[in-house]
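Asks: sharing a model that was predicted from the sequence below.
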Amino acid sequence: MSESVNFTEGEFYEVHFDSRAYVKNFYSCPRGHSDEKDFLTFVLRSLSRVFSTGEHKGQLLIEVGSGPNIHSVLSACEHYDEIVLSDFADNNRREIEKWLKNQEGCLDWTPILQHVCELDGKSPSDLEALLRQRIQKVLKCDVRLENPFYPHTLDAADCVITSLCLEGACKDIQVYRHALHGLSKLLRPGGLLVMIGVLGETFYKVNEQSFSCLKLSQCDIEEALGGAGFSIHEFNILPPEDPKSNSVSDFEAVFHLVANKSSELQTK
């Protein structure tokens, strides 16, 4: 019980989360943070494999809990006409807006763009321009709400991506399950859910500031997704190379999964 009482929810992020330090520490090169050896490489490669073929495409893609990041939608952006990014924290959304407008001092995603383009066979400058064109909105979201985008109501999405969000936003398994039901309502029947997350993690650090994570097993996630009306098609995990040398988090594995919302479930 004490863990959930002290859990660092969204309001804590508003005050204590350093968006620029986070990107510098974890996204300045394709391998990610040196303590988490190839964590980010696994993520980028997994997203490329799902989206680069063009098998999954549609009108609207929503990313729930983008942070200050754009990397999760790089491989997908060619295949969806409109993209909505989102986050709870104002600073994170401001960093995305600055990048979209190419303002002086905006975050530099060049190394990640170049890596994804090598994976997908694209030009970095073309991909950067396309992504800026396709991102239509950057909205506040709160996955603890029935409608994460309240008071806005979005069109049903063809694809929802969420990466390293739910375990950092949900203080217990009940809130986590509720959040997955909220994601389901964002999708059209048969729509695609792509999730990136961590197993067994209780914290991560940005510089010296610690943030909570809900400790989850693969079974926890599979049961929660099933309860929210999703069918899982793949669930891939990568254990840490050297967990004892990791000072910035205590994850037991990073995972990537692909699921579909049941065609029989209607959005209420």
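Replies: The structure has been received and is ready for your questions.

Asks: quick check: the closest residue in space to Val143 that isn't next to it in sequence vs Lys205, distance?
Replies: Distance criterion C-beta to C-beta, 6 or more residues apart in numbering; nearest residue to Val143, sequence neighbours excluded, is Ala179 at 4.1 Å. Backbone N, C-alpha and C define where each C-beta goes, glycine included. As judged by C-beta to C-beta, to the nearest Å, Ala179 and Lys205 stand 23 Å apart.

Asks: now do His152
Replies: 33 Å.

Asks: same deal with Ser231?
Replies: Distance, Ser231 to Lys205, by C-beta to C-beta: 35 Å.

Asks: could you say what helices and strands the strand of greatest length in the chain packs with?
Replies: In terms of residue count, the longest strand belonging to the chain (DSSP state E) is strand 187-199. In terms of contacts (3 or more C-beta pairs under 8 Å, 6 or more residues apart in numbering; DSSP states H and E), strand 187-199 is packed against helix 39-51, strand 157-163, helix 166-169, helix 218-227, strand 253-261.

Asks: centre of the chain versus it, how much separation?
Replies: Centroid separation for strand 187-199 versus its chain: 10 Å, with C-alpha atoms, centre = their mean, to the nearest Å.

Asks: equivalent analysis for stretch 106-123, please.
Replies: 17 Å.

Asks: the longest strand of the chain pairs with which strands, and in what direction?
Replies: Sheet pairing of strand 187-199 (DSSP bridges) gives strand 157-163 (parallel), strand 253-261 (antiparallel).

Asks: let's see the first one as CSV, backbone CA atoms only.
Replies: In this case it means strand 157-163. Extracted as CSV, the C-alpha positions of strand 157-163 are listed here (Å, rounded to 0.1, in the frame of the first residue of the first chain):
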residue,chain,number,x,y,z
ALA,A,157,-8.1,5.8,-34.3
ASP,A,158,-6.7,3.1,-36.6
CYS,A,159,-3.7,2.7,-34.4
VAL,A,160,-2.7,3.7,-30.8
ILE,A,161,0.9,3.6,-29.7
THR,A,162,1.9,3.9,-26.1
SER,A,163,5.5,3.7,-25.0
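
Asks: mean confidence for that strand?
Replies: For strand 157-163, the per-residue pLDDT values average out at 98.

Asks: which strand residues sit across from Glu82 in the sheet?
Replies: With DSSP bridges as the rule, Glu82 is bridged to Leu60.

Asks: neighbours of it, just the number please.
Replies: 16 (other C-beta atoms under 10 Å).

Asks: then Phe12?
Replies: A total of 15 residues lie near Phe12 under the criterion other C-beta under 10 Å.

Asks: what's the separation between Pro151 and Glu241?
Replies: Separation of Pro151 from Glu241 (C-beta to C-beta): 45 Å.
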